[in-house]
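J.: Quick one, structure for this:
(one chain, ligands or ions: 1)
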Amino acid sequence: MHRIPAGAAIATCLALALPAAAQQSQPNREAMIRSALSAAPSTMRDTVRVTDMEGNVLRDGPPGFTCLPAPQGIAGPMCVDEVFLGWVQAWSKREPPRIKRAAFAYMLAGDSPDGGASNTDPFAPQPTAGNDWMVEGPHVMVIVPDPAALEGIGADHRHGGPYVMWQGTPWAHVMMPVGSRPAQRDVAGR
Ligand SMILES: [Cu+2]
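T.: Numbering: from 1, shown residues only. Okay, the predicted model is just below:
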């Protein structure tokens, strides 16, 4: 989500993992932009690039961060830098990421009410009794080239401070809450 061709490639990858968005009407386009920008800090909201999941630029912006609207049923809207975008791409293809420097993402709207993620399984599609699904509130995320550098932070997400999601996998990343956690989703059969 930087150069348009790269953005298109990433969005193609996202589309592999996420339901394809229908052709967007103008009201939909406005809604997607609003969703994407809800994840952004005020310091970049007015200028940051916005794309949809297919990599179509909904609003152009300078190189650097790109904001994406909330996908359906998982996670939430997010704004990622170029390196973090590569990580998202790798994740959507279930490939280990190659992370060349520390990289950053904002999810200042938190996860969607119908989104969130398992804290343990990078590829869980929905909450189950065993996968520690969580709908996180507003947070920022950090990745580093060597996940071993995250050892000692811990995966416990109930103390309010930073924790490691998907610990022990190539997709391990730091989650740093900056706001309250919303209501959690029900687990079928619980
Ligand atoms: Cu996140």
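J.: P96 - how many residues pack around it?
T.: 13 (other C-beta atoms under 10 Å). Glycine gets a C-beta too; all of them are placed from N, C-alpha and C.
J.: Confirm it sits in a strand?
T.: No: counting by DSSP: H, G, I helix; E, B strand; the rest coil, P96 falls outside a strand, being coil.
J.: correct me, but it touches W166?
T.: No: the pair P96 and W166 fails to qualify as a contact (C-beta atoms under 8 Å) at a distance of 11.8 Å.
J.: list the residues that contact both of these two?
T.: Common neighbours of P96 and W166, counting by C-beta atoms under 8 Å, 6 or more residues apart in numbering, are absent.
J.: All the strands of this structure, residue numbers only.
T.: For the chain, applying DSSP state E gives strands covering 49-51, 57-59, 66-68, 78-80, 103-107, 117-118, 133-134, 139-143, 163-165, 173-177.
J.: mean confidence for the fourth one?
T.: Per-region confidence: strand 78-80 scores 98 on mean pLDDT.
J.: Tell me the bridge partners for the nearest residue to N131 once chain neighbours are set aside.
T.: Distances taken as C-beta to C-beta, 6 or more residues apart in numbering place S118 nearest to N131, at 3.9 Å, with adjacent residues excluded. Counting by DSSP bridges, S118 is bridged to W133.
J.: Sounds good, over and out.
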